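Visitor: based on what follows, work out the 3D shape:
(one chain, ligands or ions: 1)
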Amino acid sequence: MTALQAAPTPHHTSDVVWFDGELVSARDAYVAPFTHALHYGSGVFEGIRAYATPRATAIFRLRDHIRRLFASAETYGLRIPFGLERLEEAVCETLRANGFQEGYIRPLVFFGARGISLAPAFNCPTHVLIALKALSGSLIGAGSARVTISPWQKTSSKALPSGAKACGHYTNSILALQDAYERGFDEAILLNSKGLVAEGTGENVFVVNARTLVTNDASADILEGITRDTIVTLARERGLRVEVRLLELDDLYGASEVFFTGTAAEVMPIGEIDGRRFPAPGPVTRMLQEAYAGAVRGEESAHPDWLTRLSDGDAPGRAYDAND
Ligand code: PMP
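Guide: Below you'll find the model as predicted:
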């Protein structure tokens, strides 16, 4: 079978990727034309951030991301041929091999080529790719987001399990974000089949009322983000009340502040929802933005277990301590 070579790598992506157990040049990372995931979206992935900290580069909540990767893989019958610790090491090796001090890390586990059956687990090999992108700040941009309520409905978890971070699920987000861009917005919030707030295209949603934060959970067909969990923890530690319950559109419209959370978005204030304006950032959002920035950059000492530090001189695989 003829292999398709990956397009030339733009400079802001990694030159070296980790592919099925070894570091290779991104130019030599091939996928075959009948790669199952290319046709059907049968893969799972993670988005992880590494930040420069006063003590070397640190990866934020690496173990939690890799655990979620394994859980997503299990949902689709993808058998990852490496252990959890080996993949953690592989993330560190890839960062080091590319000399990235900061960046966005994309582990991707996908069904490869062998037949076109819709039950790939019985046929296809499982591949693991780790690539990097330069990213500092929020993917949505600086400042605040102008948001629209999407005409696209969030897929029900009975159709696609929203707790799995699977490639094919993102066609729903693609439709919603493309529609939002076409209408001049930065992001979309999707409602679920019951008309309740689900989430952004790649972010969870929080509302603030006085000193209470409210966010929804898996019962609203969302991916319960690792940033969401971080913010709930940081907020409670700072004396805020946090309620986890279903959110209605009126909860958004009546809120004093609204914000998104996500690995790529970080803590992103929402300044507008379809013409309704919100302070962005409001005081609570600002406090949580600062707390989050401190946590990912190792400036707050309460959660050393959230950081996996990379030190330059060490041998691959021994260069970090997940509990440091
Ligand atoms: N929801 C969706 C649909 C997402 O893609 C993401 C990004 N992974 C999130 C929520 C936020 O998750 P996290 O905070 O773990 O990045």
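
Visitor: name the SS class of Tyr104, please.
Guide: Three-state assignment for Tyr104 (DSSP: H, G, I helix; E, B strand; the rest coil): strand.

Visitor: just give me how far stretch 218-227 sits from the chain centre.
Guide: 12 Å (Cα atoms, centre = their mean, to the nearest Å).

Visitor: dump that stretch to CSV, restricted to CA.
Guide: Extracted in CSV, the C-alpha atoms of stretch 218-227 (Å, rounded to 0.1, in the frame of the first residue of the first chain):
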residue,chain,number,x,y,z
ALA,A,218,-21.5,14.7,33.0
SER,A,219,-25.3,14.5,33.3
ALA,A,220,-25.4,17.5,30.9
ASP,A,221,-23.5,15.6,28.2
ILE,A,222,-20.1,17.3,28.8
LEU,A,223,-16.5,16.2,29.0
GLU,A,224,-15.7,16.9,32.6
GLY,A,225,-12.4,18.8,32.1
ILE,A,226,-9.3,18.6,34.1
THR,A,227,-9.2,22.4,34.1
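
Visitor: buried ones in that stretch?
Guide: Using 16 or more other Cβ atoms under 10 Å as the burial criterion, the residues of stretch 218-227 that qualify are 220-227. All C-beta spots, glycine's among them, are computed from the backbone N, C-alpha and C.

Visitor: tell me the residue of the stretch 101-250 of the chain that sits nearest the ligand?
Guide: In the stretch 101-250 of the chain, the residue that lies nearest the ligand is Gly225 (2.6 Å; Cβ to the nearest ligand atom).

Visitor: can you map out the helices along the stretch 151-300 of the chain?
Guide: Along the stretch 151-300 of the chain, counting by DSSP state H, counting those that start in this stretch, helices occupy 170-182, 226-237, 249-253, 283-296.

Visitor: redo those as CSV? Include mean pLDDT.
Guide: Shown next, in CSV, are these (pLDDT from 0 to 100):
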stretch, mean pLDDT
helix 170-182, 98
helix 226-237, 98
helix 249-253, 98
helix 283-296, 97
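
Visitor: Ser136 against Glu102, yeah?
Guide: Yes: with contact defined as Cβ atoms under 8 Å, Ser136 and Glu102 form a contacting pair (5.3 Å).

Visitor: got the residues of the stretch 201-324 of the chain near the ligand?
Guide: With Cβ under 6 Å from any ligand atom as the criterion, the stretch 201-324 of the chain comes near the ligand at residues 202-204, 222-223, 225-228, 261-263.

Visitor: farthest pair within these?
Guide: Greatest spatial distance in these: Ile222 and Thr263, 14.6 Å, computed using Cβ to Cβ.

Visitor: closest to Asn123 out of the buried residues of stretch 218-227?
Guide: So of the buried residues of stretch 218-227, ranked by how close each gets to Asn123 (Cβ to Cβ), first place is Leu223, at 27.7 Å.

Visitor: and that closest one, what does it touch?
Guide: Residues in contact with Leu223 (Cβ atoms under 8 Å, 6 or more residues apart in numbering) are 162-163, 165, 199, 204.

Visitor: one more pass at 7 Å, please.
Guide: Contacts for Leu223 (Cβ atoms under 7 Å, 6 or more residues apart in numbering) come out as 162-163, 165, 199.

Visitor: tell me the bridge partners for the closest residue to Ile130 other than its chain neighbours.
Guide: Among residues not flanking Ile130 along the chain, Trp18 sits closest, at 4.0 Å (Cβ to Cβ, 6 or more residues apart in numbering). For Trp18, the beta-bridge partners are Leu23, Ile130 (DSSP bridges).

Visitor: residues near Trp18, how many?
Guide: By the criterion of other Cβ atoms under 10 Å, Trp18 has 25 neighbours.

Visitor: ok, now Glu299?
Guide: 12.

Visitor: ok, it to Thr233 distance?
Guide: 16 Å (Cβ to Cβ, to the nearest Å).

Visitor: so which residue is smack in the middle of this protein?
Guide: Nearest residue to the geometric centre of the chain (Cα atoms, centre = their mean): Gly47, 3.9 Å.

Visitor: contacting residues for the nearest residue to it once chain neighbours are set aside?
Guide: With Cβ to Cβ, 6+ apart as the criterion, Gly47 has its nearest non-adjacent residue at 4.8 Å, and that residue is Thr263. By Cβ under 7 Å, 6+ apart, the contact set of Thr263 is 47-49, 226-227.
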